[in-house]
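K.L.:
With the sequence up front, the predicted model follows.
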Amino acid sequence: MRILVINPNISESVTNLIAQESRRVASPDTELLFATAPFGVEYIETRMEALIGGYAAACVAAERQGEYDGVIIDAFGDPGLLGIKELLNVPVVGMTEAALASACLLGQRFSIIAISSRIKAWYLETVERSHLTTRLASIRSLNDTLRNIGTVQEDHAERLKELAIEAVEQDGADVIILAGAPLAGLARGLEGQLPVPVVDGVSSAVRHCESLIALNPGYAVKGSFALPPLKSNKGLPTALAAMLDRTR
């Protein structure tokens, strides 16, 4: 199987982190293809940035249509996820929905550890969209200025660990989710150092996407995830316009 892994922001350093963790967990016969957004922002914290990242991810998915059996949107908050699910007839998995699914299989209540305080509102809305707020213990975050999005782990590893422990001891978390592609692989580094299971969104997304491809469940031709109806469009990239103009 071939999986296209899309980083919806423009940071190649983050794509490299995604690639390292994805390759570590992927099955031997899975071919991973990686793509970085061709336009957008360094990393996504806000609804507006998520809107831009979602559009960039849709453009990438359309441009590379036919190359993959499944797609992963690898930014916490899943920018553009639901729209891209409408567009494609293969499994599309978001990092957040994969991490939440893993956490719900490991415990009753989970906490999310984030890299900035501004990002918390968007993350909460993502959990609400998944109808899992009753299982959310807390969202805790760094409050320091980020020196470089590609070095968040090495710059803030100890504080991220402290936040996770606080979520367990003060908020009652049964599971910790380390949120965001910049934290890809950190769960392995914290193995044995936290008193509850730790979920990595990147590795969860790879495994869940593999499972969906193997299950071969089919795709929607009716319902809310069917292909958007045909209508006139203007100014869209050629590949995206062609996908909107086609019928399944």
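P.N.:
It's in. Numbers count the residues shown, from 1 in each chain.
K.L.:
for the residue nearest to the spatial centre of the chain, phi and psi?
P.N.:
For the chain, the residue nearest the mean C-alpha position is M95 (2.3 Å; Cα atoms, centre = their mean). Here is the backbone geometry of M95 (degrees, to the nearest 10): phi -60, psi -40.
K.L.:
Could you point out the helix or strand that follows the longest helix seen in the chain?
P.N.:
When secondary structure is assigned using DSSP state H, the longest helix within the chain turns out to be helix 152-171. Per DSSP states H and E, the first helix or strand lying C-terminal to helix 152-171 is strand 175-178.
K.L.:
just for this structure, where's the confidence low?
P.N.:
247-248 (pLDDT under 70).
K.L.:
That one: helices as residue ranges?
P.N.:
Ranges of helices within the chain are 12-25, 47-63, 81-87, 95-106, 120-129, 152-171, 186-189, 201-215, 238-245, based on DSSP H.
K.L.:
would CSV of these with distance to V71 be doable?
P.N.:
All C-beta spots, glycine's among them, are computed from the backbone N, C-alpha and C. Formatted as CSV, the helices of the chain follow (distance: least, Cβ to Cβ, whole Å):
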stretch, distance to V71
helix 12-25, 13
helix 47-63, 6
helix 81-87, 7
helix 95-106, 12
helix 120-129, 18
helix 152-171, 25
helix 186-189, 23
helix 201-215, 8
helix 238-245, 13
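K.L.:
which stretch among these comes nearest I113?
P.N.:
helix 152-171 (5.1 Å; Cβ to Cβ).
K.L.:
Report the inter-axis angle for that closest one versus helix 12-25.
P.N.:
Helix 152-171 runs at 70 degrees relative to helix 12-25, counting by axes from the mean of the first three to the mean of the last three Cα atoms, to 10 degrees.
K.L.:
Can you report how many residues neighbour A220?
P.N.:
For A220, the neighbour count with other Cβ atoms under 10 Å is 13.
K.L.:
residues touching it, list them.
P.N.:
86, 226 (Cβ atoms under 8 Å, 6 or more residues apart in numbering).
K.L.:
Who are the packing partners of the longest helix of the chain?
P.N.:
strand 110-114, strand 136-141, strand 175-178, helix 186-189 (3 or more Cβ pairs under 8 Å, 6 or more residues apart in numbering; DSSP states H and E).
K.L.:
domain assignment for this protein?
P.N.:
With automatic domain parsing as the criterion, the domains of the chain are listed as 2-94+205-245, 96-201.
K.L.:
what's the distance between the first one and the middle of its chain?
P.N.:
Okay, so that is domain 2-94+205-245. Computed by Cα atoms, centre = their mean, to the nearest Å, the chain-centroid distance of domain 2-94+205-245 equals 10 Å.
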